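J.: whatever this is, show me its structure:
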Amino acid sequence: MTSTWHLLTDSLSHFWEQRQQREKQYLLTSGVFLIAMLIYVIAIDPALTGRDELQKSLPRLHQDAAEMQAMAQQLASLPVLDSQRTEISKENIDDALARNGLKPGGKGVTSTLSVTDGVVRLQLFGVSMVAVQTWLIEMQKTTSLYAEEAKITRVDGGLVNVVLMLRQPDQNN
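T.: Have a look, this model is predicted:
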């Protein structure tokens with residue numbers, strides 16, 4: 001390898017010595033220009049182009065970030081994991097109904113409730129829609145129940161009659 005290196009340097013020095021001063025200046029100027037062009041092509045132009053592309057894509061990236069934050073908030077509001085959810089029982093549902101003012105016998109509220117194999121059938125008559133919505137959200141968060149069927153009928157005084165069939169997803173899914 002050293003012999004190849006010496007051979008190369010000897011031939012370059014011999015070539016350089018045979019050049020006149022004016023040719024040496026042209027060669028040096030051309031070499032400096034070539035090096036400057038290589039630096040521009042390799043380093044400066046890609047940096048400038050990348051900066052321009054980044055400035056153009058920045059509004060889209062901000063929008064994507066806002067969408068991701070909204071999705072993260074939605075994810076945080078989703079029901080708890082299956083391993084953390086409480087099992088449904090008639091007592092749990094009765095307690096949740098009572099907390100939301102939907103207990104049978106309270107303020108003219110009449111209802112029927114049945115719970116079998118992860119399915120809740122509920123009829124409420126003469127109740128506030130807001131209370132029903134609050135109760136449904138609580139049930140979704142604590143037990144992962146989702147409405148499979150719902151029939152809501154408006155009655156006098158801003159009250160509603162509600163017939164619901166709620167189901168808890170299988171834990172295997």
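
J.: could you say what helices and strands whichever helix in the chain runs longest packs with?
T.: Ranked by residue count under DSSP state H, the longest helix found in the chain is helix 45-77. Using 3 or more CB pairs under 8 Å, 6 or more residues apart in numbering; DSSP states H and E as the contact test, no helix or strand touches helix 45-77. From N, CA and C alone the C-beta is placed, and that goes for glycine too.

J.: pLDDT on that helix, on average?
T.: Average pLDDT, helix 45-77: 88.

J.: same check on stretch 24-36?
T.: Model confidence over stretch 24-36, given as mean pLDDT, is 95.

J.: same thing with stretch 111-125?
T.: Stretch 111-125 comes out at a mean pLDDT of 86.

J.: and that stretch, what's buried?
T.: For stretch 111-125, burial by neighbour count (16 or more other CB atoms under 10 Å) applies to 111, 115, 118, 120, 122, 124, 125.

J.: distance between the ends of it?
T.: 6 Å (CA to CA, to the nearest Å).

J.: need the residues that contact it.
T.: For stretch 111-125, the external contacting residues (CB atoms under 8 Å, 6 or more residues apart in numbering) are 88-90, 93-94, 97, 102, 104, 109-110, 132, 145, 148, 155, 161-168, 170.

J.: how far away is residue 136 from residue 12?
T.: Separation of residue 136 from residue 12 (CB to CB, to the nearest Å) stands at 85 Å.
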